[in-house]
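Undergrad: Got a sequence here, can you build the structure:
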Amino acid sequence: MRYLYILGTIFFTVYGQLVIKWQMAKGSPLPDRWFDKIVFLISMFGNLWILSAFAAAFLASLCWMAAMTKFDLSFAYPFMSLSFVLVLIFSGVFFYEPVNLPKIAGLVIIMLGIAISAQG
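TA: As a prediction, this is how the structure comes out:
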């Protein structure tokens with residue numbers, strides 16, 4: 001049961017990243033001038049999907065706080081690397097971003113690192 005806190009953190013983090021990418025890709029490009037950039041980014045708060053991504057970040061934080069009551073940081077934090085794995089996989093599936101050999105090799109190294117650190 002306590003691992004659900006880590007899983008929740010990862011799920012909500014990945015959800016937020018994917019939704020923000022999806023919604024930002026649908027819109028216009030980021031303006032060049034600083035003031036226009038700020039106005040553009042603030043205007044995105046009117047997008048309910050973007051708001052859901054921010055809510056997910058908040059929920060991820062709550063899950064992480066709960067996980068910190070059950071695990072040592074040095075044990076739990078390596079599991080956060082799974083968000084890199086999931087984002088890479090889903091960015092290939094949903095956004096057709098390249099998933100090439102160097103990225104796959106990096107994921108394998110990350111997974112090995114998680115497996116090794118989880119033993120300690």
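
Undergrad: Tell me who's in contact with Lys70.
TA: Arg2, Tyr5 (Cβ atoms under 8 Å, 6 or more residues apart in numbering). (C-beta placed from N, C-alpha, C; glycine too.)

Undergrad: Is it part of a helix or strand, or is it coil?
TA: coil (DSSP: H, G, I helix; E, B strand; the rest coil).

Undergrad: Over to it: give its phi and psi.
TA: Main-chain dihedrals, Lys70, degrees, to the nearest 10: phi -110, psi -20.

Undergrad: where does Phe35 sit relative to Leu41, distance-wise?
TA: Distance, Phe35 to Leu41, by Cβ to Cβ, to the nearest Å: 11 Å.

Undergrad: So for these two, which residue has more residues nearby?
TA: More neighbours surround Leu41 than the other of Phe35 and Leu41, with 13 against 8 (other Cβ atoms under 10 Å).

Undergrad: My guess is Ala67 contacts Leu7. True?
TA: No. Ala67 is beyond contact range of Leu7, at 9.2 Å (criterion: Cβ atoms under 8 Å).

Undergrad: Counting neighbours, go ahead and name the busier of the two.
TA: Neighbours per residue (other Cβ under 10 Å) separate Ala67 from Leu7, with Ala67 holding more: 23 against 13.

Undergrad: Quick check: that one vs Pro29, distance?
TA: Between Ala67 and Pro29 the distance is 37 Å, computed by Cβ to Cβ.

Undergrad: Now the longest helix out of those in the chain: buried residues?
TA: For the chain, the helix with the greatest residue count under DSSP state H is helix 3-26. Using 16 or more other Cβ atoms under 10 Å as the test for burial, helix 3-26 gives 5-6, 8-21, 23-24.
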